[in-house]
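>>> predicted model and sequence follow; I will ask about them next.
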Amino acid sequence: MLGKTAGGLFWLFRYMERSENTARMIDAGLRISLTRSSAAVSEWTSILNATGLQNVYLQRYDTYTGPQVIDFLLRDETNPGSVRAVVESARNNARLVRTALTREVWEAVNECYMALTAVLANPVSDRDLPRVLQMIRQRSAFVRGALHGTMVRNDMYDFARIGTFFERADNTARILDVKYYILLPSIMHVGTATDNVQWETILRATSSVRAYQTLHDGEVDPKSIAHFLILDRRLPRSLAFCYSKIKDNLAYLETDYGTRHPCHDLADRICKRFSTFDVDMIFEYGLHEYIQDFLTDSAALGQQIETDYRFIE
Amino acid sequence: MTNKPDYFDEMMQAGGAPRAPYADYHDWFTSEEPGRLLEKSAEAEALFRLTGITFNVYGDPGAAERLIPFDLIPRIIGGREWALVAKGIEQRVRALNAFLHDIYHRQEIIKAGRIPARMIAQNAAFLPQMIGMTPPGGIYTHIVGTDLVRTGPDEFFVLEDNARTPSGVSYMLENRETMLHMFPELFSKVKVQSVSQYPRSLRRSLGACAPKACEGRPTLAVLTPGMYNSAYYEHAFLADQMGAELVEGHDLRVVNGRVAMRTTQGYKPIDVLYRRIDDDYLDPLNFNPDSMLGVPGIIDVYRAGGITLANAPGTGIADDKAIYSYMPEIVEFYTGEKAILKNVPTHRCSEPEALKYVLDNLAELVVKEVHGSGGYGMLVGPAASKQELAAFRAKLEANPDNYIAQPTLALSTVPILTDAGLAPRHVDLRPYVLVSPGKIDITPGGLTRVALTEGSLVVNSSQGGGTKDTWVLEE
Amino acid sequence: MRLKIEHQTTYTYDHPVPYGLQQLRLRPKSRDGQEVLSWDIDVRGGTREVTYEDEHANTVDLISFDAGQHEISIICKGEVDVTDRAGVVGRQMGFVPLWLYQRSTPLTAAGPLVRALVAQVKRADTELATLHALSAHILQAVPYSTDQAASDLTVEQALAAGHAVCQDHAHIFVSAARAMGFPARYVSGYLMMDDRVMQDASHAWAEAHVAGLGWVGFDVSNGISPDARYVRVATALDYRGAAPISGLRFGHGHESMNVSLQVQQQ
C-alpha cells in the first residue's frame, strides 16, 4: 500500500468525521441561541473557537450573528473549513485513493459530495436548516456504513479508522477546551439554569445528551460530564474510547507489518493518561491543562503517524 | 434534403427492415415503451455521475468534470463481420511492433527504400534514447487502440493507430456495465460477446512482459499525471480493476537499481509500469527537465532492464499521421501479406504536388495536424465556413509539413435515441488490443464514439461526441 | 602509449542533499587503437544504482546521493593503452543511423554566425582536407582561452564571445560540419598534455564522418587530430549527451565543484 494512499484514507475519514462534527456544533449553537438569546454571541464565539476557524471568520466579519456564523460554517467560500469545503476535500482524497476504496464507499462519498454541494449551493433558510444538518450527519453515516459493510479488514481499513477516531477525539477535546470553564466548580452558578443549559450544549455538540441521561439517571453535574466525555469508554465520542480504538488500529498495523514504530509508544502514552487519571485527579491537575496536554500530544501523534507510515517523503 | 449523401446505416436497411445483426434487438426495441427508454436514459446519466466517470476538458477549468453523453442504443456488429476486423487489426498491430523494432535497430525498411529516411530523421516522435533498446518481451505497443470507421457492410478503414497511450477503455467497460444493469433481460435475448475480461487480460498481458529483474509474481502499477488529468477516472479504474497501485511521479524513485514506490512499509520495486503520461514528461533527468510528473532516472533503469514501460517510449513514431500514410507498405514489408484493413487515402502536404491538390480541393477534404489528437486543430472541409477555409488555407501554406489531408469518408451511422425517436448519427470504433509475447488479444467490440449533432463527423468527446455500448454477437 | 589516469570530481553542498541522481559517462571502452587495461569508479557519498549502455554505446553509471550528504566524490582510476591512428576512429558501429548525427541540438543549432563561418571555409580537394581547413579556421576565428563566461554556451554565443574553451570549439566544429553536410559528433575524454601531470580539466573534441574513412577526430583547440595521448570516453550529439557527469538534485543550496585530474605516461 502506498504511503500516499494511507495518508489519503486517513484524511478522507478525518474530513468525513469533521463534516458531521461541524453540523453537530451548529445544532448545539442553534439550540442555545433559540432558548437563550443573551448567550448567543458567546456561544457562537466558542463554537468558532472550537472549530479553530475564528481567525478566518474575523477576517470577514466583525459581528457574531447566528445566520452569519451558520452560513460561514456551512458554505462560505472563504472558509476552508466549511462543511462544503470539507466534503470537497473528502471527495478529493477519495479520488486520490480510489483504488483503495470499494465501489460502495466511493459512491457514498461521491453521493455525499453531490448531495451536499447541491443543498449548500445557496444560503440555507432557517426552515431548511434542521433538515440540512441532519442530511450532513446522515451522509457521513452512510460513508461510515459503507466502510463497515464492504471494506476488507486490512491496513487500509486501519488507516481509515485511525483518521475517524483521531478527528473525533480532537473534536471532543476542542469542545471541552473552549467550554472547560463552565464545568469548573463555581459557587455562583451552582444549581442555576445557566449551567444546565450550558452543560447541555457540550453534550449536544457531542451527540451525547441521550446517552448521558440514560447512563446518569438524568442527574447533570459538571464532574460527571467531564468524566463522561473524557474517560467513559461506553461513549463512542469520549477521548478514552477514541484512543482505545486508535491504539487497537495501530496495533493491527504493528502485527500486520511486523514493525513497531515511535507512534505506537506515543499512542500508548496517551492511552495511559486515561487509565491513570480519574476525574478528581483531572480537576486537581486542572481540566484546562489536562486538555491542553492532550491536544499537544495528539498533534504530535498525528505527525508521528504521518512520518512512520510515509504519508509523504 | 437534396444532395444528401447516402450513408450506410448499421441498424436499418432502406425500406425499414433491420439489418441481420440488429434483428433480435429490433424486436425488443419495438416492443418497448419509448417513454421508458427515455427514463432509462436519465437513469444511466445519474449512474455515471455517481460512479464518477467524468472527464476534464483541457483549458476550461470552470467546466471541470463533465460527463461524456451515453446513448443507450447499442452499436451491434455481427460475429462474422467482427472476425474480419479482428484479423485485420491483429495483422496491423503485428506489423507496428515489427516496424518499431526495426526503426530502433537496423532500419531495414529504410534501407529497402520502402520509407524515405527523412520521414524518420525529421520526425520529432523518433526517440534516439530507444536506439538499440529491445523492451522486455520484445513488445513496444502493449496496448493499442485502433480507430476504425465503416462505410459499408464489409468496408472498414483504419483512421489512426493510437500506439502511444490510447484512452477510453474504461468507457467500453462501464457502458457495458450500465447496459447490463438497465436491461438485463436484453442480454438473455441477444447473445453478446463479453468485454469484462479486459482488466484481467491487461494484467496478464502486462505481467507477461516483466523485466529480467523481476522476481516472482510481477508487481504492476499505473502511472497517472494526477487527479486533475482528464483521464484520471480511467487511470484509477484500470488500476483498481487490475489490482495494481495507482502511482504518481512523486511516489516513485530509483532505489537499489529499480524504480520503487513509497509504501507504508518502505520502498517496493515495480516490475511493469503502465504509464499514462507522455514520453516527454516521463523522466526529467533524460527528457524534459521541467517535468514534475515523471520519475528521474526511470529511463536509465529501463535501459538497464530494471523495469518494463507500457507502452515503450518512442512508439509515437508508429502512429504519427505522416507515417500512417505508409502503413500499407509497412504491413506488407513485415508480414509479407497485403493489408486486410484499408487505409484512408492520405495526402502528405509536405509533398508539393499533394499540397497543391489539397489547397485546390480544401472544401472536400479533412485536414489534420501530423501530431495532433483529440480532434483539435483539424479542418472538416465540407462543414467549414468560407472564413474557416481561408484561415486554414493560410495555416497550411505557412507550414505544410505539419498537415495531412484525407477525403471525407461517408461514415456509417447508428441511430441514437432522441425525444423524437431514433435518429441516425455518424460513429467510429476504437477496439482495444493487448499485445504480449506470442499473443494478441482483441476485446470484441471496443468503444463506439458517436457524433451527437446531426450530420457531424467529429466524434471526439472533447468536441461534443458521445459513446455507445458496442456489441459483437456470438457467431 | 600507456596512460595512467586518476580523475576525481567532488561536489560540495552548503545544505545536505535530500535526494539526487547523477549520470556518469566516465568509462572508456576498448576499441581499435584504444585498450582499457583497468578502470575503476569509486563513488563516495553516493550509491551506484545501475550501469547500462546508452544509444551511443557509452557506458553510463547512474548513481544516487546517499540521503543527507554534504559531499559526493567520484574517483576514476585506470590505465589505457592508446595507439596513434591519426585521428581515424573508423566505421560507424551499432544501430545509430548516420543521419542522426546531422540533427542539430539546442547547443549546436547553426545560426547566422555559424553560417557565415561555414561560408568562409575553403573547400579542398578531399573531404578530409576540407574538415582540417574547417578546424583551423575555427581556431583562428575564435582562439582558445580559458576565460569563458559560462559553461553551457550555444555555438552562436561562443562565436559571439570571440574566444572559446575546448567544449565550445567542439560544438562549433560539430555545428559547422553538419551545416556542410557531414555527420558530426561531440567527444569527451582525456588528453595528456605533455608539459604537465596535473591537467586542468577533462577534454573535448569533435568527430566527423568521412566517406571511406569513417569517423575522424578533430581537436580544434590544439589544431590536430587526436593521437596516442587521447583517451576517448563518451560521444553524443553534443556536450549534454556526452557530459562526464550530469545530474539532478532536490533541495536548495549552493553547489561547488572541485576537479583533480592526473594523466601521465607509464
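Received it, and whenever you're ready, just let me know what you need.
>>> ranking helices and strands of chain C by mean pLDDT, which lands last?
strand C:198-199 (a mean of 74; mean pLDDT, DSSP states H and E).
>>> also chain A?
For chain A, judged by mean pLDDT, DSSP H and E, that is helix A:193-205, with a mean of 75.
>>> show me what residue C:44 is bridged to.
residue C:73 (DSSP bridges).
>>> what residues are up against it?
C:71, C:72, C:73, C:74, C:75 (C-beta atoms under 8 Å, 6 or more residues apart in numbering or on different chains). All C-beta spots, glycine's among them, are computed from the backbone N, C-alpha and C.
>>> what's the ChimeraX line that selects buried ones from the residues you listed?
One line in ChimeraX is enough to select the buried members of the contacts of residue C:44, burial here meaning 16 or more other C-beta atoms under 10 Å in any protein chain shown:
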select /C:71,72,73,74,75
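>>> now, which of the contacts of residue C:44 sits nearest chain A?
Chain A lies nearest to residue C:72 out of those, by C-beta to the nearest C-beta, at 19.9 Å.
>>> wait, isn't that closest one in contact with residue C:43?
Yes. The criterion here is C-beta atoms under 8 Å, and residue C:72 meets it with residue C:43 at 7.2 Å.
>>> quick check: neighbours shared by these two?
Any residue near both residue C:72 and residue C:43 by C-beta under 8 Å, 6+ apart counts here, and that gives residue C:63.
>>> and the pLDDT at the nearest residue to residue A:12 once chain neighbours are set aside?
Take residue A:12 and drop its neighbours on the chain: the residue closest to it by C-beta to C-beta, 6 or more residues apart in numbering or on different chains is residue A:93, 4.0 Å away. Looking at residue A:93, its pLDDT is 97.
>>> would you double-check that residue A:93 falls in a helix?
Yes. Under DSSP: H, G, I helix; E, B strand; the rest coil, residue A:93 falls within a helix.
>>> so it sits right up against residue A:15, yeah?
Yes. The pair residue A:93 and residue A:15 passes the contact test of C-beta under 8 Å, sitting 6.6 Å apart.
>>> number of residues surrounding residue A:252?
A total of 16 residues lie near residue A:252 under the criterion other C-beta atoms under 10 Å in any protein chain shown.
>>> and what of residue B:180?
For residue B:180, the count of nearby residues is 14 (other C-beta under 10 Å).
>>> can you check residue C:102 too?
Look at residue C:102: counted by other C-beta under 10 Å, it has 17 neighbours.
>>> report the contact partners of it.
B:121, C:178, C:181, C:182, C:183, C:184.
>>> how close does the second one sit to residue C:77?
Right, the one you point to is residue C:178. As judged by C-beta to C-beta, to the nearest Å, residue C:178 and residue C:77 stand 36 Å apart.
>>> go ahead and report the secondary structure state at residue B:449.
Assignment for residue B:449 (three-state DSSP): strand.
>>> do you know the pLDDT at the closest residue to it other than its chain neighbours?
The shortest distance from residue B:449 to any non-neighbouring residue, by C-beta to C-beta, 6+ apart, is to residue B:459 (3.8 Å). As predicted, residue B:459 sits at a pLDDT of 85.
>>> residue B:459 against residue B:453, yeah?
No. Using C-beta under 8 Å, residue B:459 is not in contact with residue B:453; the gap is 10.3 Å.
>>> and the two? which has more neighbours close in?
residue B:459 (27 against 13).
>>> pretty sure the more buried one sits in a helix.
No. With three-state DSSP as the criterion, residue B:459 is assigned coil and is not in a helix.
>>> residue B:273 sits in which helix or strand?
strand B:272-275 (DSSP states H and E).
>>> helices or strands up against that strand?
helix B:198-207, strand B:220-223, strand B:308-310 (3 or more C-beta pairs under 8 Å, 6 or more residues apart in numbering or on different chains; DSSP states H and E).
>>> what's the most buried one of those?
Neighbour counts (mean count of other C-beta atoms under 10 Å in any protein chain shown) averaged over each of the helices and strands packed on strand B:272-275 peak at strand B:308-310, with a mean of 28.
>>> show me what contacts the residue of the stretch 51-200 of chain C at minimum distance from chain A?
At 10.5 Å from chain A, residue C:67 is the closest residue in the stretch 51-200 of chain C, using C-beta to the nearest C-beta. Contacts for residue C:67 (C-beta under 8 Å, 6+ apart) come out as C:18, C:19.
>>> and with 10 Å instead?
Shown in contact with residue C:67 (C-beta atoms under 10 Å, 6 or more residues apart in numbering or on different chains): C:16, C:17, C:18, C:19, C:20.
>>> could you pull out the strands in the stretch 101-250 of chain B for me?
Secondary structure of the stretch 101-250 of chain B (DSSP state E, counting those that start in this stretch): strands at B:143-145, B:147-152, B:155-160, B:220-223, B:245-247.
>>> can you list those strands in CSV and add mean pLDDT and distance to chain C?
Listed next are the strands of the stretch 101-250 of chain B as CSV, based on pLDDT from 0 to 100; distance: least, C-beta to the nearest C-beta, whole Å:
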stretch, mean pLDDT, distance to chain C
strand B:143-145, 97, 24
strand B:147-152, 95, 30
strand B:155-160, 93, 26
strand B:220-223, 98, 18
strand B:245-247, 97, 17
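>>> which residues of the stretch 101-250 of chain A lie near chain B?
With the criterion set to C-beta under 10 Å from any C-beta of the partner chain, the stretch 101-250 of chain A comes near chain B through A:101-103, A:106-111, A:113-114, A:155-156, A:158-159.
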